[in-house]
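Trainee: sequence unavailable; structure follows:
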């Protein structure tokens, strides 16, 4: 068996955790202010944005917890450590976002039927402060690794939804102030709800894909097969599995059919070559079982009822 590990992951880990922690305190503080403001001004747009910010605060808090738990070392009971908690946090986040969106739709429907009086000046002031706060938090999170880290990306999407929510609240406040259009408030909250729902579904889908051991999005399976099979000394591979342990940490296991006269030294060299080439393809944790042509391993998963062959790259499932 050969192993290699993803060192880049730890490098951004600290920065990501710090970005989440700062964002959590700012978001939570402003959420309290916005909720009070929403009640005082009777604005659903502000209240829905505060509800979204509450889920932001929870998501950022759970995100920080995920990073802290993820740092716990692997043990006999959790051989990969607690890194998957990050993905569970992202899944929790996505579901929470979707539920908040559904509730906002329901509230907005009630308000379209009977638009209440809204204190538009207060709503405008709170919406403007909210916009500034959200821009600042989004900037902090953008400095982290929002591309690779699902947990951080989930938090970033929450904040972008908030930012647009603040814009909606400002526009609604102006429309009520100048034209007395009471329906602008529930309309702004519906727009926020749509954005919240889209990001909620997306995060839930991405987290579920990782939990289902799906092939990582940044890995092209046919490309991986070609890379390994083009290494001199390897005849073919089968029983190929590629999955994510957590965001930015991909793993691979496979059986490789090699020359039957391969020495231990040569097989170690072959493993180093495989690891090195796969490292460049975004896979940091590699496990390879070597077999020869004469005695292929016949009790392997996915190949029990047929002769050994590698996974068909065109087979999506």
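Mentor: All right, it came through fine. These numbers come from a predicted model, not from an experiment. Numbering: from 1, shown residues only.
Trainee: ok, residue 284 to residue 266 distance?
Mentor: Distance, residue 284 to residue 266, by C-beta to C-beta, to the nearest Å: 24 Å. Bear in mind the C-beta positions are built from the backbone N, C-alpha and C, glycine included.
Trainee: next, the buried residues of stretch 237-249.
Mentor: Neighbour-count burial for stretch 237-249 flags 237, 238, 239, 240, 242, 243, 244, 245, 246, 247, 248, 249 (criterion: 16 or more other C-beta atoms under 10 Å).
Trainee: just the mean pLDDT for the helix or strand residue 161 falls within, thanks.
Mentor: For residue 161, the host element (DSSP states H and E) is helix 150-179. Helix 150-179 comes out with an average pLDDT of 85.
Trainee: try stretch 63-79
Mentor: Mean predicted confidence for stretch 63-79 is 79.
Trainee: what's the span of that stretch, first residue to last?
Mentor: 21 Å (C-alpha to C-alpha, to the nearest Å).
Trainee: that one: how far from the chain's middle?
Mentor: The gap between where stretch 63-79 is centred and where its chain is centred comes out at 17 Å by C-alpha atoms, centre = their mean, to the nearest Å.
Trainee: show residues contacting that stretch.
Mentor: 13, 16-17, 20-21, 24, 80-83, 85-86, 88-89, 93, 151-152, 154-155, 246 (C-beta atoms under 8 Å, 6 or more residues apart in numbering).
Trainee: just the buried residues of that stretch, please?
Mentor: For stretch 63-79, by 16+ other C-beta under 10 Å, it's 63, 64, 66, 67, 69, 70.
Trainee: so where do the strands sit in the stretch 101-250 of the chain?
Mentor: Assigned by DSSP state E, counting those that start in this stretch, the stretch 101-250 of the chain shows strands spanning 234-246, 249-258.
Trainee: who does the helix holding residue 161 touch, helix- and strand-wise?
Mentor: helix 8-41, helix 44-70, helix 85-113, helix 120-142, helix 184-211 (3 or more C-beta pairs under 8 Å, 6 or more residues apart in numbering; DSSP states H and E).
Trainee: tell me which residues in that helix are buried?
Mentor: Neighbour-count burial for helix 150-179 flags 150-177 (criterion: 16+ other C-beta under 10 Å).
Trainee: give me the mean pLDDT for stretch 196-203.
Mentor: pLDDT averaged over stretch 196-203 gives 86.
Trainee: contacts for that stretch, please.
Mentor: Applying C-beta under 8 Å, 6+ apart, the contact partners of stretch 196-203 are 52, 90-91, 93-98, 100-102, 104, 150, 153-154, 157-158, 160-161.
Trainee: ok, now with 7 Å
Mentor: With contacts defined as C-beta atoms under 7 Å, 6 or more residues apart in numbering, stretch 196-203 is touched by 52, 90, 93, 94, 97, 98, 100, 101, 154, 157, 161.
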